[in-house]
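S.K.: sequence unavailable; structure follows:
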Ligand SMILES: Cc1cc2nc3c(=O)[nH]c(=O)nc-3n(C[C@H](O)[C@H](O)[C@H](O)COP(=O)(O)O)c2cc1C
């Protein structure tokens, strides 16, 4: 299946595969045949109980269109988004590239998404569900950084009763200036707003809010994050997003240069993201950490868990390895 899908452009292949899967799973016999191993056991972090340890990372189901299908394949949780207040087309195509030699992906999607209203409507269908859904939040490209807290707050309020946990995403490299929001003051303002809003919306459950960080942060910047987690009471970290680095790639430099800007994911980001998980785990022994970046095998998954991750997510590894990765992780982690 992968060989056929890889004949298509990466973005077309993604939607072709998922729409075909959606169709196939409506046919009872095929539904039984195309099924991943269900997650076993459960992990509770920040008050949310996740089935197994494996989720699909943000960006795969940006618009909450494939939640049932991803659950059927064996994912214990789906992080939808990144969601912005107003729908966005994202960057011009092509904007998603495979680096097969490196088992990697470069993307500069730019938060293409249907916007919070449409996505919230779709999520209403999943009120009674058996899978954990995370809401990954971002800001619109046209929103200046000083108004970023407004965008995060709008999406948070819209999705509050529809998802189980939230993620503040300030680490995607494809929205100009977004990663500047990773500094202590900007992040502090965003979290203050969300925590205050949460008290207003409180209905007996305080939905936890996690922070997703880049793998490119220096140890000093990670120390700032640690301080912020302690001072603000941020309930968890997702480590990591894609990297802007292009170091150590096997793909010809000319090809990489021609692709241009974007976030690199998959095997080349594994060590960087594991370093971040390990570093943060040492500094924050009790803070939940979701490890993501370059998990392409059961042993990669075990490595992230050994580094300190409570849960793990995959994106690129699922593109390259398919269902066997999910089955392996659900059997052995
Ligand atoms: C095509 C693509 C789109 C992505 N979109 C988002 C996104 O919208 N929000 C986000 O937080 N991360 C996004 N990511 C990052 C992933 O969630 C993940 O953090 C990163 O790819 C590292 O994991 P991996 O090596 O398993 O792919 C995207 C990744 C890819 C490949």
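M.R.: Ah, there it is. Bear in mind the structure is a predicted one, so any value in this text is a computation, not a measurement.

S.K.: and the residue of the stretch 151-300 of the chain that's closest to the ligand?
M.R.: Residue of the stretch 151-300 of the chain nearest the ligand, by Cβ to the nearest ligand atom: residue 265 (3.2 Å). Heads up, the C-betas are built off the backbone N, CA and C, glycines and all.

S.K.: give me the mean pLDDT for the helix or strand hosting that residue.
M.R.: Under the criterion of DSSP states H and E, residue 265 resides in strand 263-266. Averaging pLDDT along strand 263-266 gives 98.

S.K.: run through the residues that contact the most centrally placed residue in the chain.
M.R.: Geometric centre of the chain, nearest residue: residue 58, 2.6 Å, by Cα atoms, centre = their mean. Shown in contact with residue 58 (Cβ atoms under 8 Å, 6 or more residues apart in numbering): 79-82, 134, 136, 167, 169, 212, 313, 315.

S.K.: residues touching the residue nearest to it when sequence neighbours are not counted, list them.
M.R.: The spatially closest residue to residue 58, leaving aside those adjacent along the chain, is residue 136, at 4.0 Å (Cβ to Cβ, 6 or more residues apart in numbering). For residue 136, the contact set (Cβ under 8 Å, 6+ apart) comprises 58-59, 79-83, 166-167, 169, 212.

S.K.: can you rerun that using 10 Å?
M.R.: Applying Cβ atoms under 10 Å, 6 or more residues apart in numbering, we find residue 136 in contact with 57-59, 62, 79-83, 111, 113, 155, 159, 163, 165-169, 172, 210, 212, 238.

S.K.: and the helix or strand where it lies with the ligand, contact?
M.R.: Following DSSP H and E, the helix or strand that holds residue 136 is strand 132-137. Yes. Contact of strand 132-137 with the ligand (Cβ under 6 Å from any ligand atom) involves residue 136.

S.K.: sheet-wise, list the partners of that strand with their directions.
M.R.: Here strand 132-137 has these sheet partners by DSSP bridges: strand 77-83 (parallel), strand 165-169 (parallel).

S.K.: any idea of the mean pLDDT for the last one?
M.R.: Put plainly, it is strand 165-169. Per-residue pLDDT over strand 165-169 has a mean of 98.

S.K.: next, format the strands paired with strand 132-137 as CSV and append distance to the ligand.
M.R.: Output for these, formatted as CSV (distance: least, Cβ to the nearest ligand atom, whole Å):
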stretch, distance to the ligand
strand 77-83, 4
strand 165-169, 4
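
S.K.: so can I have a markdown table of those strands showing mean neighbour count?
M.R.: What follows is the strands paired with strand 132-137, written out as a markdown table (neighbours: other Cβ atoms under 10 Å):
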| stretch | mean neighbour count |
| --- | --- |
| strand 77-83 | 28 |
| strand 165-169 | 26 |
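
S.K.: reformat those as JSON lines; add distance to residue 272.
M.R.: Shown next, in JSON lines, are the strands paired with strand 132-137 (distance: least, Cβ to Cβ, whole Å):
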{"stretch": "strand 77-83", "distance to residue 272": "20"}
{"stretch": "strand 165-169", "distance to residue 272": "18"}
